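Undergrad: everything below, folded, please.
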Amino acid sequence: MTSSDSENLSVKLFKKQKEAAETSTLIGSLVKSPFSNPLDGENEANWYRMLRRPQWVWQGVDPLEMEEIFARIAASTNPRSHEGLLDTVIGNRSGNWVYEWTNAGMRYQREAIALADKKDIDAAFNAWMKASIYFTVASYPHLKGDPLGLQSETLAYKAFKEAVALRPYRVRSIETRINGKALQGFLMVPHTDHPVPTVIVSGGLDTLQIELWKLFENYLAPAGFAMMCVDMPSVGYSQHWNFTEDTSALHQALLDEVERQPWVAVGRIGVMGMRFGANAAIRLSFVEQQRIKSCVSLGGVFHSALTDSKRLQTMPPMYLDMMASRLGVDPTASMITRLQAWSLKNQGLLSGRKTQVPILALSLKDDPVCPHSDNQMAAMWSVGGKAVSVKTTRRHDGYHEALKRAVEWFKQTL
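TA: Numbering: from 1, shown residues only. Model (predicted):
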């Protein structure tokens, strides 16, 4: 990719977008409530989005630059869709969330191209990855019908592909077709010397699969595991599929392709999910228990958050908007009623015959979305299952402790 190619793509995507719909107006949940968790971020006053400072820094965002971007957004005098919310500046202009983060991403994109031209491959990889995560943050929380966000998402995937093409790890795009539509995910392997145990991973409904690179690079690859990542239905590369109660349908369809890969050790495939991704992971552990050998749920959304109306009503506006966007409904009482169909207990999975797949159900202490009772239920309906509430003195350390425990679980069960 040349510098002119990158600039042309950026110009084409963002042309004539001065009055594009602002993200917070797409759905409209604006009743603020206290909410904080390392998996989701901070629901800070005067911000619509959940701010994931530690998570974004871990993924590669420069912390000082992040605060500078927040400051530019906060100081903007351009009109906002909601004057009380700083990150609601309207249109593709200074102060707009997508504009500020995308501009930062473009700087790293230009830097990556220049470094690649100089054959400084490691530095070029890092710059491409930075560009990718900045574009990803720009498109966050990836709501349907968000024109600026979707354009930044396109840049994020393109930058990610440019980055992994420079890395010694073998990264291959895996594709299958469902009802004529292409389903695409990335298979990442630590080496190609022999087939390795593989973990299929998905994040939540506000997470793109390319955000999972650090999970592979820092945790799974050093332990000798491959990672197959896939977007949840209605998100990213899976945006063509509706988010239905059959949350594992895409994962199930991808299983055949995963097993065909020469680097994958057939019979040693696990599954892992965070938030709604855990709903899909646990579900797959029941419907494909002859092919899935181990499962990890991290902060899973699979019962209480879907059936407890009081718990739902305390969630922040962005989180409610995200769920409403996936369901294609307004964030009203009717949405809360509909969500009960996504409960794995209500579906009869966590109330009938146990799965033979050992499930490690993890959450962080005092998780507002995934109570320990949910984890205990998932463990109880799994042969060899275990429920763990991770406690740490420093809040975000709990996330990394949970990932370490997940890797140890896969070492024992795969």
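Undergrad: pull out the buried residues from stretch 323-339.
TA: 323-327, 331, 335-336, 338-339 (16 or more other C-beta atoms under 10 Å). (Glycine included, C-beta is placed from N, CA and C.)
Undergrad: restrict it to CA atoms and write it as CSV.
TA: Taking Å, rounded to 0.1, in the frame of the first residue of the first chain, the C-alpha atoms of stretch 323-339 are listed here in CSV:
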residue,chain,number,x,y,z
MET,A,323,-27.8,-3.8,22.5
ALA,A,324,-30.7,-2.0,20.9
SER,A,325,-28.7,-1.5,17.8
ARG,A,326,-27.9,-5.2,17.5
LEU,A,327,-31.5,-6.2,18.0
GLY,A,328,-32.8,-3.5,15.7
VAL,A,329,-35.3,-2.1,18.3
ASP,A,330,-35.7,0.9,20.5
PRO,A,331,-34.1,0.7,24.0
THR,A,332,-37.5,0.4,25.8
ALA,A,333,-39.3,-2.1,28.1
SER,A,334,-40.0,-4.2,25.0
MET,A,335,-36.3,-4.6,24.4
ILE,A,336,-35.8,-5.8,28.0
THR,A,337,-38.6,-8.3,27.5
ARG,A,338,-37.1,-9.6,24.2
LEU,A,339,-33.6,-10.1,25.7
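Undergrad: for the chain, longest helix please?
TA: Secondary structure of the chain per DSSP state H: the longest helix is helix 97-117.
Undergrad: what helices and strands are in contact with it?
TA: Helix 97-117 sits against helix 3-14, helix 63-75, helix 121-139, helix 147-164, with contacts defined as 3 or more C-beta pairs under 8 Å, 6 or more residues apart in numbering; DSSP states H and E.
Undergrad: what packs against the second one?
TA: If I follow you right, that is helix 63-75. helix 53-59, helix 97-117.
Undergrad: mean pLDDT lowest where, among these?
TA: Within the helices and strands packed on helix 63-75, confidence is poorest for helix 53-59, with a mean of 93 (mean pLDDT).
Undergrad: before we move on, back to that, show me the two of the buried residues of stretch 323-339 that sit farthest apart.
TA: Using C-beta to C-beta, the buried residues of stretch 323-339 span at most 15.2 Å, a distance reached by Ser325 and Ile336.
Undergrad: next one: phi and psi at the residue nearest to Arg80 when sequence neighbours are not counted?
TA: Distances taken as C-beta to C-beta, 6 or more residues apart in numbering put Thr88 closest to Arg80, at 4.4 Å, once the chain neighbours are dropped. Thr88 adopts backbone torsions of phi -120, psi 30, taken as degrees, to the nearest 10.
Undergrad: quick check: Thr88 touching His82?
TA: Yes: the pair Thr88 / His82 is scored as a contact, 4.8 Å apart, by C-beta atoms under 8 Å.
Undergrad: neighbour count winner among these two?
TA: Neighbours were counted for Thr88 and for His82 using other C-beta atoms under 10 Å; Thr88 has more, 24 against 15.
Undergrad: distance of that one relative to Trp47?
TA: Distance, Thr88 to Trp47, using C-beta to C-beta, to the nearest Å: 9 Å.
Undergrad: same thing with Lys386?
TA: Remark: distance between Lys386 and Trp47 (C-beta to C-beta) = 37 Å.
Undergrad: state the helix or strand in which Met323 lies.
TA: helix 317-327 (DSSP states H and E).
Undergrad: what mean pLDDT does that helix get?
TA: Averaging pLDDT along helix 317-327 gives 84.
Undergrad: and for stretch 246-264?
TA: For stretch 246-264, the mean pLDDT works out to 95.
Undergrad: check stretch 124-134 too.
TA: Mean per-residue pLDDT for stretch 124-134: 97.
Undergrad: got it, and stretch 154-168?
TA: Mean predicted lDDT for stretch 154-168 stands at 93.
Undergrad: CA atoms of that stretch as PDB?
TA: Only the C-alpha atoms of stretch 154-168 are listed here, as PDB (Å, rounded to 0.1, in the frame of the first residue of the first chain):
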ATOM      1  CA  THR A 154     -13.000   0.000   7.200                       C
ATOM      2  CA  LEU A 155      -9.700   1.700   7.800                       C
ATOM      3  CA  ALA A 156      -9.200  -0.300  11.000                       C
ATOM      4  CA  TYR A 157      -9.500  -3.600   9.200                       C
ATOM      5  CA  LYS A 158      -7.300  -2.500   6.400                       C
ATOM      6  CA  ALA A 159      -4.500  -1.300   8.700                       C
ATOM      7  CA  PHE A 160      -4.700  -4.600  10.700                       C
ATOM      8  CA  LYS A 161      -4.200  -6.600   7.500                       C
ATOM      9  CA  GLU A 162      -1.200  -4.400   6.600                       C
ATOM     10  CA  ALA A 163       0.300  -5.000  10.000                       C
ATOM     11  CA  VAL A 164      -0.100  -8.800  10.300                       C
ATOM     12  CA  ALA A 165       1.300  -9.200   6.800                       C
ATOM     13  CA  LEU A 166       4.600  -8.000   8.300                       C
ATOM     14  CA  ARG A 167       4.600 -10.300  11.400                       C
ATOM     15  CA  PRO A 168       6.400 -13.600  11.700                       C
END
